[in-house]
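Novice: Just need the structure, nothing else, for what follows:
(one chain, ligands or ions: 3)
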Amino acid sequence: MMARCGRAAVLVWLGLVAIGVTALLRVGLVSEPPQGARRRPVGFSALEKEQLREALRGAVKIPTVSFSPGNVTTSAMEEFGAYIQKVFPRVFSSSFVHHEMVGGYSHLFTVHGSDPHLQPYMLLAHLDVVPASDEGWEVPPFSGQERDGFLYGRGTLDNKNAVMGILQAMDFLLKRNHRPIRSFYIAIGHDEEVSGHDGARKIAAKLESAGVRLAFLIDEGLAVLDGVVKGIKRPVALVGTTEKGSITLTLTVQRDPGHSSVPPKETSIGILAAAVSRLEQNPMPSLFGKGPELATFEQLATQFTFPLNIVMANLWLFAPVVGRILEWEPSTNALVRTTTAVTLFQAGVKANIIPPFANATVNFRIHPAQTVEEVLELTRAVIADDRVKIRVQEAFNPLPVSPHDEGSFGFQIIRRTIHEVFSDVSAIAPGVCIGNTDSRHYLNLTSSIYRFSPIWLKAEDLGRIHGLNERISLETYERGVQFYLHLIQNSDLPELPKPHKSLHEL
Ligand SMILES: CCCCCCCC/C=C\CCCCCCCC(=O)NCC(=O)O
Ligand SMILES: [Zn+2]
Ligand SMILES: [Zn+2]
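Specialist: Ligands and ions are numbered 1, 2, ... in the order given. Below is the predicted model:
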């Protein structure tokens, strides 16, 4: 009997291994880099390197902060506009580049390629940054100081690296007398950090009313991740093919004020604090494996060390266990569920007055398998207190998944460009962008929206985005400029080679 059980267990194990190996081979083929002649990184002279670093430093020193919708630092944004004109005169004076301002402080460049029959694409970035005070920073966040090969400052990763990287690449192309064949737009929003309603949304509306359709669009988002995903030793690049939805709620409790010497059993502050604490103690349900994050892990399966590689290649069986493990780290927990972040709390007027009001802001990022309505319903159920009034500030559902198969022009061009410039990455896979981007305003112009920042992130860097000591290595920034240079040239391809030879010709 014991022997029979043992033999059965071995057979089950062999079966699992066979399935795993099959899946690994399949996945291995999918994630194989495109073959054939690759464009080699263009060399920058020492002077050019110096120029591109100084240009970024100058951009970081202008405090283009967005505080809230309608409350952005307009004078800094005007200064930023003048700064890029000064640094990139070639771009602003080129006969085939048209520049215009939209929504007061956003920039739209139209680069007219030599073949007007090719559908244009778009490079997207934003010039505004989230606030930063000196406290906790190794160097002041708007001082543009450099340490050990890193330029420190708010916006170095999010997103002045892209604004300056794109314009710098354009400048270098013009300097080398290169006119792109395919037309493209460069859109630089000024209020992405506070919803993009005055910048990106207006640019999108303008292009839409002119009947523009885009071949694809690339915005900030995921990146090259080095040691970020536990179990993967080598760097991998993730391209965001979708992004999470979002809900921002204001929770309010109002009670009668009075003398603090005769307090009620519960104050508005106590009631609201208990409600937000319940939200934190009761996270949204795990949905790991029910959305496009499944494809990310399947495609990265071969990159995991043994035995995780077998596990990842068999998520149909192991997804619940993997989901539990991913919950341990905030960065991967964000892929598992709708996240809940209590971000603002305002209450009370004076030490000896019973507080008449308490307000809290809670920001949820919605997992692709959930909707705004579902999250609202769960939130009401967890708060379960009619004294807490719930108001929706802003809400949108998770974004559609952009095509990422072998025939998807934009995805394959981006993939090829990553292979050329970040040749040290071992795999490229589609992913869910956990933050939100201006790209969602362009849904009516294209279904091919990709979110990839050409930056190299180690696990410890994730906390720098919107956090303390945001910084970029100058070597990484040079690669970012290379990325946009290559991307613009690769996009000149009129179409992808036919499927039977696509991988060899790309
Ligand atoms: C196997 C997958 C592991 C994924 C781990 C997550 C990696 C995170 C990588 C990049 C950081 C995401 C930043 C996204 C851009 C956010 C832009 C932004 O700040 N927008 C405003 C907002 O979201 O409020
Ligand atoms: Zn950003
Ligand atoms: Zn940001």
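Novice: State the phi and psi torsions of the residue of the chain found nearest ligand 1.
Specialist: Closest residue of the chain to ligand 1, C-beta to the nearest ligand atom: residue 435 (2.6 Å). For glycine as for every other residue, the C-beta is placed from the backbone atoms N, C-alpha and C. Per-residue torsions, residue 435: phi -100, psi 170 (degrees, to the nearest 10).
Novice: mind starting the numbering at 55 from now?
Specialist: Sounds good: first residue 55 from here, last item residue 489.
Novice: Find the nearest non-adjacent residue to residue 305, please.
Specialist: Among residues not flanking residue 305 along the chain, residue 414 sits closest, at 4.6 Å (C-beta to C-beta, 6 or more residues apart in numbering).
Novice: Just say helix, strand or coil for that neighbour.
Specialist: Look at residue 414: counting by DSSP: H, G, I helix; E, B strand; the rest coil, its state is strand.
Novice: Quickly list what it is bridged to.
Specialist: On the basis of DSSP bridges, residue 414 is bridged to residue 305, residue 399.
Novice: And the residue in the stretch 455-560 of the chain that ligand 2 sits nearest to, what's its pLDDT?
Specialist: Nearest to ligand 2, among the residues of the stretch 455-560 of the chain, is residue 491, at 6.6 Å (C-beta to the ion). According to the prediction, residue 491 has pLDDT 98.
Novice: Tell me which residues touch it, please.
Specialist: By C-beta atoms under 8 Å, 6 or more residues apart in numbering, the contact list for residue 491 reads 178, 246, 273-275, 294, 297, 505.
Novice: what about 6 Å?
Specialist: Contact analysis of residue 491 by C-beta atoms under 6 Å, 6 or more residues apart in numbering lists 273-275, 505.
Novice: For the residue nearest to residue 305, grab the count of nearby residues.
Specialist: Residues lying near residue 414 (other C-beta atoms under 10 Å) number 21.
Novice: can you check residue 184 too?
Specialist: 17.
Novice: and residue 477, that's in a helix?
Specialist: No: using three-state DSSP, the assignment for residue 477 is coil, not a helix.
Novice: Need the phi and psi values for it.
Specialist: Torsion angles at residue 477 (phi, psi; degrees, to the nearest 10) stand at phi -70, psi -10.
Novice: What of the one 10 residues further on?
Specialist: Its backbone dihedrals place residue 487 at phi -80, psi 120, with angles given as degrees, to the nearest 10.
Novice: I figured it hits residue 297, correct?
Specialist: Yes: with contact defined as C-beta atoms under 6 Å, residue 487 counts as touching residue 297 (3.9 Å).
Novice: any chance you could read off phi and psi for the most centrally placed residue in the chain?
Specialist: Centroid check for the chain by C-alpha atoms, centre = their mean gives residue 275 as the closest residue, at 2.0 Å. Backbone torsions for residue 275, taken as degrees, to the nearest 10, come to phi 160, psi -120.
Novice: State the pLDDT value of it.
Specialist: 98.
Novice: That one: what's it in contact with?
Specialist: Counting by C-beta under 6 Å, 6+ apart, residue 275 makes contact with 294, 487, 491, 505-506.
Novice: Just these: which are in strands?
Specialist: Those of these mapping onto strands are 294, 487, 505-506, per DSSP state E.
Novice: Most widely separated two among the residues you listed?
Specialist: 487 and 506 (8.9 Å; C-beta to C-beta).
Novice: Pretty sure residue 453 sits against residue 297.
Specialist: Yes: contact criterion C-beta under 6 Å: residue 453 and residue 297 qualify, at 4.9 Å.
Novice: Have a look at these two and say which one is more surrounded.
Specialist: residue 297 (28 against 22).
Novice: List the contacts of that one.
Specialist: Counting by C-beta under 6 Å, 6+ apart, residue 297 has contacts 453, 487, 490.
Novice: how about TSV for the contacts of residue 491, with distance to ligand 2 added?
Specialist: Listed next are the contacts of residue 491 as TSV, based on distance: C-beta to the ion, whole Å:
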residue	distance to ligand 2
273	9
274	5
275	9
505	10
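Novice: low pLDDT regions in the stretch 155-304 of the chain?
Specialist: Applying pLDDT under 70 to the stretch 155-304 of the chain picks out no residues at all.
Novice: Enumerate the residues of it near ligand 1.
Specialist: Counting by C-beta under 6 Å from any ligand atom, the stretch 155-304 of the chain comes close to ligand 1 at 212, 247, 274-277, 279, 282-283.
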